[in-house]
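Trainee: I'll drop the sequence and a predicted model, then ask my questions.
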Amino acid sequence: MTGTSDNKTVPPQHTGAATNTVFSIMLPSLKESRERYYQAKARLLDVNHWHDFAGPLSANFTLTDDSGRELDHPAQEGDHIRINLPGPGSKTGDGYDWVAIEQIEDKTTSSGKTAYAAIRVRPSVNPQQWHGKVAHFYDPAATSSFVVELTGRCVKASVYGRNEKPNTAPPGFWDKVRNTLIAISASLGMSKPQWKSLVKGLVK
């Protein structure tokens, strides 16, 4: 269980940019690392509080159903995440970027010394409109995989971006320009501090 592209949670890289953001800690004992892992897994699934874990400069994440209604439960496959990025929002997304949770994994070996939990999301339409246009700065080929792992006394959190290309399909000129600028900035490393803060917040 490496959390890399060898794991089925993280799709193969075919086009556009790929990003990896990783943070790990070593605990004094297996008991402490297990406790920290289960805390990290709970935080991973607690999407509504990712902003709190990542710090005040991060985006805000809100879990919703497939109609855009806010939810207050651990993330589930089929849920959506409404993302409020700093700066101008997407008109297609009513001011937000949207992703859908397409896969959640949760695995523990019989020994209890290794465990793995992951959420994979993909850009989606605005569930409050359902007009068929993806409301995110990346096109729908892109994915983000959020992973926490236990390996002995090590607990690791990671974010893996794959196939990241600008979404130029929205009908409005402004959204095309916005999406391209944000996607290019992200590929140049501008999103790295956001994900670095999140992975640290998940395991600390």
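Mentor: Done, it's in. Since this is a predicted model, take the numbers as computed values, not measurements.
Trainee: Would you map the strands across this protein?
Mentor: Listed in chain order, the strands of the chain (DSSP state E) span 17-26, 60-64, 80-84, 97-108, 114-123, 143-151, 154-164.
Trainee: Just put those strands in JSON lines and tack on mean neighbour count and mean pLDDT.
Mentor: All C-beta spots, glycine's among them, are computed from the backbone N, C-alpha and C. Below are the strands of the chain laid out as JSON lines (neighbours: other Cβ atoms under 10 Å; pLDDT from 0 to 100):
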{"stretch": "strand 17-26", "mean neighbour count": "16", "mean pLDDT": "96"}
{"stretch": "strand 60-64", "mean neighbour count": "19", "mean pLDDT": "97"}
{"stretch": "strand 80-84", "mean neighbour count": "21", "mean pLDDT": "97"}
{"stretch": "strand 97-108", "mean neighbour count": "18", "mean pLDDT": "96"}
{"stretch": "strand 114-123", "mean neighbour count": "22", "mean pLDDT": "97"}
{"stretch": "strand 143-151", "mean neighbour count": "24", "mean pLDDT": "97"}
{"stretch": "strand 154-164", "mean neighbour count": "23", "mean pLDDT": "97"}
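Trainee: For residue 32, which of those is the nearest?
Mentor: Nearest to residue 32 among the strands of the chain is strand 154-164; the distance by Cβ to Cβ comes to 9.2 Å.
Trainee: From the contact counts, what lies against the closest one?
Mentor: strand 17-26, helix 30-45, strand 143-151, helix 173-187, helix 192-203 (3 or more Cβ pairs under 8 Å, 6 or more residues apart in numbering; DSSP states H and E).
Trainee: quick one: which of these is nearest residue 51?
Mentor: Of all the helices and strands packed on strand 154-164, helix 192-203 comes closest under Cβ to Cβ, at 9.1 Å.
Trainee: which residues sit against the closest one?
Mentor: Helix 192-203 has contacts (Cβ atoms under 8 Å, 6 or more residues apart in numbering) with 19, 21-25, 36, 40, 43-44, 50, 52-55, 57-59, 146, 148, 155-159.
Trainee: thinking again about what came up before, for residue 134, which of the helices and strands packed on strand 154-164 is the nearest?
Mentor: Of the helices and strands packed on strand 154-164, nearest to residue 134 by Cβ to Cβ is helix 173-187, at 9.4 Å.
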